[in-house]
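Asker: sequence-free structure coming up:
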């Protein structure tokens, strides 16, 4: 099961980054490919030692044909990848207030309800970005199987880079760190309300990342 969870997470953040940077940047902008390549790289660093980091049904087929993944596991790999992609697409659609071509703005609809959609979007963006960061840190910098590696700094830095591109435009500025949130408040770049949202989302995301790590990584046992 741990392999499938890792495949879901890696595919989720890959597709979420694609959805967010393509929707959030003007046409012909050079930044989206950089962010997309970056998130794929760091998720490979984070999950490769557990699942092989396919994050793509076509890759799973190729790896299975090569004999590096059993055909018994391949269908579940693909299911996890497709579910991860679908979940990411749904989250991205919520963040940008649309589901499909010509859809109504969900954000505008929710803003008239009991919960302000901008608060939810900011919270979700901080939660996802911080989860990705903590997930990569735990898998690249704290495990015996990655002990002594020289790539963890690059992986962690590129996680922040990719998530800032993808998730930094939803009201909180893409802090992914309570200390950054406090600094932006003092500097006038964030409001007190935003900082409260950021800190809560960051701490919850860190705890969730730790739980997922403990559930999926057993190579030290």
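Answerer: In hand now; what should we look at? Just so we're clear, the structure is a prediction, and the values are computed from it rather than from any experiment.
Asker: what sits against the closest residue to residue 165 other than its chain neighbours?
Answerer: Excluding the flanking residues, the one nearest residue 165 by Cβ to Cβ, 6 or more residues apart in numbering is residue 35, at 3.7 Å. C-beta: built from backbone N, CA, C; applies to glycine. Residues near residue 35 by Cβ atoms under 8 Å, 6 or more residues apart in numbering: 17, 21, 161, 162, 165, 166.
Asker: how about a markdown table for the residues you listed, with neighbour count added?
Answerer: Converted to a markdown table, the contacts of residue 35 look like this (neighbours: other Cβ atoms under 10 Å):
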| residue | neighbour count |
| --- | --- |
| 17 | 27 |
| 21 | 23 |
| 161 | 15 |
| 162 | 28 |
| 165 | 22 |
| 166 | 32 |
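Asker: mind putting the residues you listed in TSV, secondary structure, pLDDT and distance to residue 8 included?
Answerer: Formatted as TSV, the contacts of residue 35 follow (DSSP: H, G, I helix; E, B strand; the rest coil; pLDDT from 0 to 100; distance: Cβ to Cβ, whole Å):
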residue	secondary structure	pLDDT	distance to residue 8
17	helix	89	15
21	helix	85	21
161	helix	90	23
162	helix	89	18
165	helix	87	22
166	helix	86	18
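Asker: ok, so of those, who is nearest residue 5?
Answerer: Each of those was checked against residue 5 using Cβ to Cβ; the closest is residue 17, at 18.9 Å.
Asker: and the helix or strand that residue 89 is a member of, what's buried?
Answerer: Per DSSP states H and E: residue 89 is located in helix 74-95. For helix 74-95, the neighbour count (16 or more other Cβ atoms under 10 Å) marks 74, 77-78, 80-81, 84-85, 88-89, 91-95 as buried.
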